[in-house]
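> Generate coordinates for the sequence data below:
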Amino acid sequence: MLSQEENVNVVSDSNNNAIVSEVTNDAINNNNNNEKPTFSLPAIKGRRGLPVEKDKFIEQTHKQFKINLNEKIPKGETVLVCYSGGSNSNALIQMLKNCVSPNPNWKLHFKWEYLYIDIGAIVKLNKIERDELNLKIKDICENLDENNKKIHIKTIEELLFNNNENEMLDFIFKKFTTKSVQEDLLRQLIKKCIFKFAKEFNFNKILTGESANHMAIHILSDVCKGRGYSLPLEIQLQDTSLNGYSFSEVTDSNKEEEEEQINKQEINTTLDEKENDLVIIRPMRNFLGSEIAIYNRWHNMDKFTFCLDITTKNTIRQSSIHRLVEDFVCGLQKDYPSTVHTIIRTIEKLKVPTGIINNEDGKVLRCSICSSLLSEDDLNFVVKDKNNNSDGLDENSLSQYCCFGCKRNLCFYQTNSDEKRKSSIAADLDDVLMDDELPSFVKHQQLVTRNQMRKCIEEFLVVDEEQ
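Reported below is the predicted structural model:
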């Protein structure tokens with residue numbers, strides 16, 4: 001049972017006003033009768049310090065959740081729900097059960113399937129532990145809602161590394177040497193897995209469980225990692241930034257044949273990709289972590305929380321940038337309850353990036369590693385680089401076709417030949433060359449980005465007169 005002094009917040013300011021007014025009227029009526037104000041237990045403390053009843057809290061939480069999904073998903077459509085086993089994911093699937101009706105006459109009527117990305121190999125779980133964890137995940141998803149029981153359990157190595165677990169582990173832990181880079185790389189790989197799976201199984205809508213605390217922590221950590229350009233996209237209720245992204249892999253043919261295949265694929269798939277847009281919807285973005293914790297407790301979902309990460313068992317707060325920022329934001333939020341929403345509102349004022357669009361096919365330039373949008377600065381650095389070949393682009397470079405955040409990560413990349421060149425972008429950045437041990441999806445995206453970049457800077461290219 002929760003006490004009235006427990007510091008838990010209400011869903012939103014507008015909803016909070018309605019709740020507070022009702023509680024205040026009850027209190028006034030009781031005071032007129034010379035009686036102490038009474039509230040139905042358990043009561044929690046709202047954002048303005050006034051008690052809120054349990055039923056009202058749940059009602060307003062569901063109301064905000066429905067508002068976030070209102071008119072975002074057509075009736076009868078099947079969406080993909082990303083489930084990680086954490087508290088945010090547990091609250092997401094419970095709210096879906098309570099707010100989405102199987103009745104086709106209801107406004108919110110759609111079906112969903114679950115996707116769980118198994119990272120047991122990365123966090124060093126043995127086969128028995130991984131199987132037990134997957135069984136728990138499967139049991140939760142299949143028994144929560146009788147109308148939506150289908151769950152897909154996939155691994156990163158299965159979706160991106162051709163079922164080669166050793167190749168995946170070497171790429172994350174041997175090629176990159178710091179925890180911060182490894183944690184950032186894992187996050188990007190999971191995002192790639194989600195989009196690749198959604199593309200292959202024709203899902204148009206993806207629901208994820210990022211809470212306000214989750215987004216605020218990632219905002220500050222991404223700024224520290226050099227990923228500030230794409231921050232406004234990371235907090236959008238609807239994110240369409242990965243539309244048009246191709247997940248094909250390179251073949252064993254030579255580079256010229258690969259480029260021809262990529263050009264043909266771009267021409268044939270441009271119209272299809274526009275018709276089959278992928279949209280990420282974040283219906284939990286308005287909720288604080290404390291609100292989600294209370295919601296899970298009242299619905300007996302807190303017992304299912306078992307989220308794993310690279311730094312899960314590491315108690316040192318300086319183990320990674322993300323871990324340090326998380327501790328910093330949580331400490332501030334405890335003393336100053338408006339911290340999380342202040343961070344998010346600040347980023348909401350920034351212009352949402354659209355990337356560099358190629359006028360020929362309408363595609364945008366993407367990073368070779370994380371597939372995020374490249375900025376005009378990334379393109380200008382290539383144009384101004386005097387170390388490039390005569391055609392203006394270096395086909396052997398990897399850093400040249402990456403966003404600034406991945407350029408920073410590549411400074412910690414370990415190559416077999418140790419062949420790195422100083423980049424003209426910044427004095428502390430290295431230009432990392434292509435490596436045969438790079439995953440196939442990186443090689444493919446490097447070719448795609450190079451071809452798209454060449455089309456965007458044709459007017460700046462030096463043409464050989466002899467040709």
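
> Let me see the ranges of the helices in the stretch 51-200 of the chain.
54-69, 87-99, 127-144, 156-160, 165-169, 179-200 (DSSP state H, counting those that start in this stretch).

> Mind giving me the packing neighbours of the fourth one?
Translated: helix 156-160. helix 165-169, helix 179-200 (3 or more C-beta pairs under 8 Å, 6 or more residues apart in numbering; DSSP states H and E). Where C-beta positions appear, they are placed from N, C-alpha and C, glycine not excepted.

> go with 10 Å
When contacts are defined as 3 or more C-beta pairs under 10 Å, 6 or more residues apart in numbering; DSSP states H and E, helix 156-160 sits against strand 111-118, helix 165-169, helix 179-200, helix 440-456.

> what sits up against that helix?
117-119, 121-122, 154, 163-169, 171-172, 186, 189-190, 192-197, 200, 247, 249, 439-442 (C-beta atoms under 10 Å, 6 or more residues apart in numbering).

> among those, which ones are buried?
117-119, 121-122, 154, 167-169, 171-172, 186, 189-190, 192-197, 247, 439, 441-442 (16 or more other C-beta atoms under 10 Å).

> Tell me how many other residues crowd the nearest residue to residue 133 once chain neighbours are set aside.
Excluding the flanking residues, the one nearest residue 133 by C-beta to C-beta, 6 or more residues apart in numbering is residue 120, at 6.5 Å. By other C-beta atoms under 10 Å, 17 other residues sit near residue 120.

> Correct me if wrong: residue 127 contacts residue 120.
Yes. In this structure residue 127 lies within contact range of residue 120 using C-beta atoms under 10 Å: 8.5 Å.

> returning to that earlier point: can you tell which of the helices of the stretch 51-200 of the chain is closest to residue 340?
In terms of C-beta to C-beta, the element of the helices of the stretch 51-200 of the chain nearest to residue 340 is helix 87-99, at 13.6 Å.

> Tell me how far that closest one lies from the chain's centre.
In terms of C-alpha atoms, centre = their mean, to the nearest Å, the centre of helix 87-99 is set 18 Å apart from its chain centre.

> mind listing what residue 309 touches?
Neighbours of residue 309 in contact, by C-beta under 10 Å, 6+ apart: 84, 86, 119, 122, 123, 183, 186, 187, 320, 322, 323.

> mind checking which helix or strand it is in?
Assigned by DSSP states H and E, residue 309 falls within no helix or strand.

> any idea how far residue 456 is from it?
Counting by C-beta to C-beta, to the nearest Å, the separation of residue 309 from residue 456 is 37 Å.

> Sticking with the closest residue to residue 231 other than its chain neighbours, tell me its helix or strand.
Leaving aside its sequence neighbours, residue 231 sits nearest to residue 347 (C-beta to C-beta, 6+ apart; 5.3 Å). Taking DSSP H and E as the criterion, residue 347 maps to helix 339-348.

> for that helix, packing partners?
helix 212-224, helix 231-234, helix 321-335.

> a markdown table please, covering those helices and showing distance to residue 446, mean neighbour count and mean pLDDT.
Listed next are the helices and strands packed on helix 339-348 as a markdown table, based on distance: least, C-beta to C-beta, whole Å; neighbours: other C-beta atoms under 10 Å; pLDDT from 0 to 100:
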| stretch | distance to residue 446 | mean neighbour count | mean pLDDT |
| --- | --- | --- | --- |
| helix 212-224 | 23 | 21 | 95 |
| helix 231-234 | 22 | 18 | 91 |
| helix 321-335 | 26 | 17 | 92 |
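
> Any idea which of those gets closest to residue 94?
The closest of the helices and strands packed on helix 339-348 to residue 94 is helix 212-224. By C-beta to C-beta, the value is 17.0 Å.

> Output the closest one as PDB, nothing but the C-alphas.
C-alpha atoms of helix 212-224 as PDB (Å, rounded to 0.1, in the frame of the first residue of the first chain):
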ATOM      1  CA  ALA A 212      10.000  10.900 -20.700                       C
ATOM      2  CA  ASN A 213      12.900   9.900 -18.400                       C
ATOM      3  CA  HIS A 214      14.300   7.600 -21.100                       C
ATOM      4  CA  MET A 215      14.300  10.400 -23.700                       C
ATOM      5  CA  ALA A 216      15.800  13.000 -21.400                       C
ATOM      6  CA  ILE A 217      18.700  10.800 -20.600                       C
ATOM      7  CA  HIS A 218      19.300   9.900 -24.200                       C
ATOM      8  CA  ILE A 219      19.100  13.600 -25.200                       C
ATOM      9  CA  LEU A 220      22.000  14.600 -22.900                       C
ATOM     10  CA  SER A 221      24.100  11.400 -23.700                       C
ATOM     11  CA  ASP A 222      23.600  11.900 -27.400                       C
ATOM     12  CA  VAL A 223      24.800  15.500 -27.200                       C
ATOM     13  CA  CYS A 224      27.900  14.200 -25.400                       C
END
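
> can you give me the offset of that helix from its chain's centre?
11 Å.

> Who are the packing partners of that helix?
Contact here means 3+ C-beta pairs under 10 Å, 6+ apart; on that basis helix 212-224 packs against helix 87-99, helix 179-200, helix 231-234, helix 289-298, helix 321-335, helix 339-348, helix 404-410.

> Leaving out chain neighbours, which residue sits closest to residue 302?
residue 296 is the one closest to residue 302 (C-beta to C-beta, 6+ apart), at 4.3 Å.

> show me what contacts that neighbour?
Contacts of residue 296 by C-beta under 10 Å, 6+ apart are 87, 88, 90, 91, 94, 302, 303, 304, 305.

> Report the two of these separated the most.
Comparing the members of those, the greatest separation, given C-beta to C-beta, is between 88 and 303, at 15.5 Å.

> Which one of the two is surrounded by more residues?
Between residue 88 and residue 303, counting by other C-beta under 10 Å, residue 88 is the more crowded of the two (22 against 9).

> What is the neighbour count of the nearest residue to that one once chain neighbours are set aside?
Excluding its sequence neighbours, the residue lying closest to residue 88 (C-beta to C-beta, 6+ apart) is residue 209, at 3.7 Å. Other residues near residue 209 come to 24 when the count uses other C-beta under 10 Å.

> still on that earlier bit, pLDDT score for the residue nearest to residue 302?
Per-residue pLDDT puts residue 296 at 92.

> Quickly note the distance from it to residue 191.
24 Å.

> And residue 74, by the same measure?
From residue 74 to residue 191 the distance is 24 Å (C-beta to C-beta).

> Same question for residue 342.
26 Å.

> ok, back up a step: how about the helices of the stretch 51-200 of the chain in a markdown table, adding distance to residue 415 and mean pLDDT?
As requested, the helices of the stretch 51-200 of the chain are exported to a markdown table (distance: least, C-beta to C-beta, whole Å; pLDDT from 0 to 100):
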| stretch | distance to residue 415 | mean pLDDT |
| --- | --- | --- |
| helix 54-69 | 45 | 91 |
| helix 87-99 | 37 | 94 |
| helix 127-144 | 31 | 92 |
| helix 156-160 | 20 | 94 |
| helix 165-169 | 16 | 93 |
| helix 179-200 | 15 | 93 |
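
> Mind putting those into TSV with distance to residue 355?
Formatted as TSV, the helices of the stretch 51-200 of the chain follow (distance: least, C-beta to C-beta, whole Å):
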stretch	distance to residue 355
helix 54-69	25
helix 87-99	28
helix 127-144	35
helix 156-160	23
helix 165-169	28
helix 179-200	16
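
> Brilliant, that's me finished.
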